[in-house]
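Asks: attaching a predicted model along with its sequence, questions to come.
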Amino acid sequence: MTPWQLLGTADIPNNGGTLRLAQRDKEFSISLQGVRGELMNSRMHSSELALADLGCAPIANTEKAAVLVGGMGMGFTLAAALKATTESTKITVAELVPEVIEWNKGPLGECAGFPLNNPRTLVHLRDVAELFQDQKPAFNAILLDVDNGPEGFTRADNTSLYSLDSLHAIRSTLHKGGVLAVWSAWHDPAFTTQLKKAKFKVDVKTVRAHKGKGSKHTIYLAVKG
Ligand SMILES: C[S@@+](CC[C@H](N)C(=O)[O-])C[C@H]1O[C@@H](n2cnc3c(N)ncnc32)[C@H](O)[C@@H]1O
């Protein structure tokens, strides 16, 4: 079997550790150096597509909608959001690690068909949490996949993203009827309760990691009524 080849490393801001990009034939892996392990693998991306398909379904025919994707990873969610929305819809992608955007401009970008090249894509190189600070309605859908679930995994600082205060701020950033969709590798009923406390209407979907097979992942769909 072809051995993995390390293509690059990147520091996660605020002492978050190191991200590693590796390739083996056509397969790519982004992992966290040390014991935390793999963050994303290109072979299994069905649930990353489902995050966009489910989160954007209510605005599939809406003109001039606005979608926020956090973060970039391998671009599968971004590419699916571009496909699932109208040509007049803009998709903002917030990414914490600048190198991830650079990697997606190179061979890694082939995985999702170079969605950064789409003129409807806008890139914000920053912590996605900063986009919730204004607390003014700006988005019709927010697709969040920055950790492995609703707790800080990529970096400890992300834990606050899933707090009640943060969920209130995210809700304020959505237009009426807007959807917050959150990807998770597991189902955490406490997070459903937290979303409800933040006044979202919540639906929880189970999706498979790879073409109807593989691990079960969870998508929380939280609607601002
Ligand atoms: C699991 S990957 C996302 C996978 C993506 N859904 C896809 O389809 O490939 C997580 C991404 O979120 C980024 N990230 C982590 N914390 C972030 C934050 N607070 N703000 C923005 N991006 C963040 C990571 O650098 C990484 O690129």
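Replies: Great, that's in hand. Numbering: from 1, shown residues only.
Asks: show me the contacts for the residue nearest to the spatial centre of the chain.
Replies: The centroid of the chain falls nearest to D145 when counting by CA atoms, centre = their mean (2.7 Å). For D145, the contacting residues are E48, L51, V69, G70, G71, G73, T77, V182, W183, by CB atoms under 8 Å, 6 or more residues apart in numbering. For every residue, glycine as well, the C-beta is placed using N, CA and C.
Asks: tell me the one of those residues nearest A198?
Replies: Nearest to A198 among the contacts of D145: V182, at 11.9 Å, using CB to CB.
Asks: hmm, back to that, just the contacts of D145: which are in strands?
Replies: Counting by DSSP state E, those place V69, G70, V182, W183 in strands.
Asks: hmm, which two among those are most spread apart?
Replies: Farthest-apart pair in the ones in strands among the contacts of D145 is V69 and V182; separation 12.1 Å (CB to CB).
Asks: looking at the two, which is more packed in?
Replies: Neighbours per residue (other CB atoms under 10 Å) separate V69 from V182, with V69 holding more: 31 against 27.
Asks: quick one: residues contacting the more buried one.
Replies: Shown in contact with V69 (CB under 8 Å, 6+ apart): A52, T77, L78, A81, I91, T92, V93, A94, L143, D145.
Asks: just checking, what packs against the helix or strand where the fifth one lies?
Replies: The secondary structure element spanning I91 is strand 90-94 (assigned by DSSP states H and E). Contacting strand 90-94 under the criterion 3 or more CB pairs under 8 Å, 6 or more residues apart in numbering; DSSP states H and E are the following elements: strand 66-70, helix 76-84, strand 121-124.
Asks: good, wrapping up.
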